[in-house]
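I'll drop the sequence and a predicted model, then ask my questions.
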Amino acid sequence: MKPYGYPPGTAWCGLFVHHVFTVAKVAHGVKGAALAANWSVPAAVIVSKSGKLTGNRVPVAGDLALYRFQSTRINHVELIVRWSLDNEESYFYALGGNTSNPANAKQQGVYIKKRSKREAYLVINRIDAI
């Protein structure tokens with residue numbers, strides 16, 4: 001967090017995504033990257049909403065899953081690793097920072113998690129939005 005100017009204790013899922021994009025030299029155009037909700041604006045390309053595709057494009061690795069865990073606003077963001085192409089499959093895999101360990105929910109860190117497609121409020125293509 002310190003290299004990006006944020007103090008200890010800042011929720012860092014958005015900063016993790018920002019760091020991955022920065023290291024990969026991918027421009028993303030997000031202002032205030034620490035706040036998960038900021039990853040959806042401006043004009044992000046919505047690929048899926050609550051598990052339903054919004055067009056002909058299927059989510060791919062590098063797209064972002066945005067969540068509203070026990071909230072009315074977006075409060076978590078993760079990178080899509082693999083989206084099941086089988087319409088019968090209701091899951092995908094995402095990599096996130098400030099995420100609970102699948103083996104021990106009390107531990108926070110960077111983990112790949114199997115998620116329900118409906119669990120992701122929005123799946124967006126951030127890169128094509130800029």
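Looks like it arrived, so ask away. Numbers count the residues shown, from 1 in each chain.

mind pulling up the pLDDT for residue 112?
At residue 112, the pLDDT value in this model is 96.

my guess is it meets residue 101, correct?
No - between residue 112 and residue 101 there is no contact under Cβ atoms under 8 Å: 10.8 Å. (C-beta placed from N, C-alpha, C; glycine too.)

all the strands of this protein, residue numbers only.
45-49, 52-53, 64-67, 76-83, 91-101, 104-116, 122-125 (DSSP state E).

select, out of those, the one closest to residue 2.
For residue 2, the closest of the strands of the chain is strand 91-101, at 14.7 Å, according to Cβ to Cβ.

what about stretch 111-120, start to end distance?
Between the opening and closing residues of stretch 111-120 lies a distance of 16 Å (Cα to Cα, to the nearest Å).

flag every buried residue along that stretch.
111, 113, 115, 117, 119-120 (16 or more other Cβ atoms under 10 Å).

now stretch 23-32
So, applying 16+ other Cβ under 10 Å, buried residues of stretch 23-32: 28, 30.

ok, back up a step: of the strands of the chain, which is nearest residue 1?
Shortest distance between residue 1 and the strands of the chain, using Cβ to Cβ, is found for strand 91-101: 10.3 Å.

with just CA atoms, put the closest one into CSV.
C-alpha atoms of strand 91-101 as CSV (Å, rounded to 0.1, in the frame of the first residue of the first chain):
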residue,chain,number,x,y,z
TYR,A,91,-18.7,-21.2,-11.3
PHE,A,92,-15.5,-19.4,-12.2
TYR,A,93,-12.0,-18.9,-10.7
ALA,A,94,-10.8,-15.5,-9.5
LEU,A,95,-7.6,-14.2,-8.0
GLY,A,96,-8.0,-11.5,-5.3
GLY,A,97,-6.1,-9.6,-2.7
ASN,A,98,-7.5,-8.9,0.7
THR,A,99,-9.3,-12.2,0.2
SER,A,100,-9.9,-14.9,2.8
ASN,A,101,-7.9,-18.1,2.6
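
what residues are up against residue 126?
Residue 126 sits next to 28-30, 39, 44-45, 63-64 when contact means Cβ atoms under 8 Å, 6 or more residues apart in numbering.

from residue 94, how far out is the residue positioned nearest the centre of the chain?
By Cα atoms, centre = their mean, the chain has its centre lying nearest to residue 78, at 2.5 Å. Applying Cβ to Cβ, to the nearest Å, the value for residue 78 to residue 94 is 4 Å.
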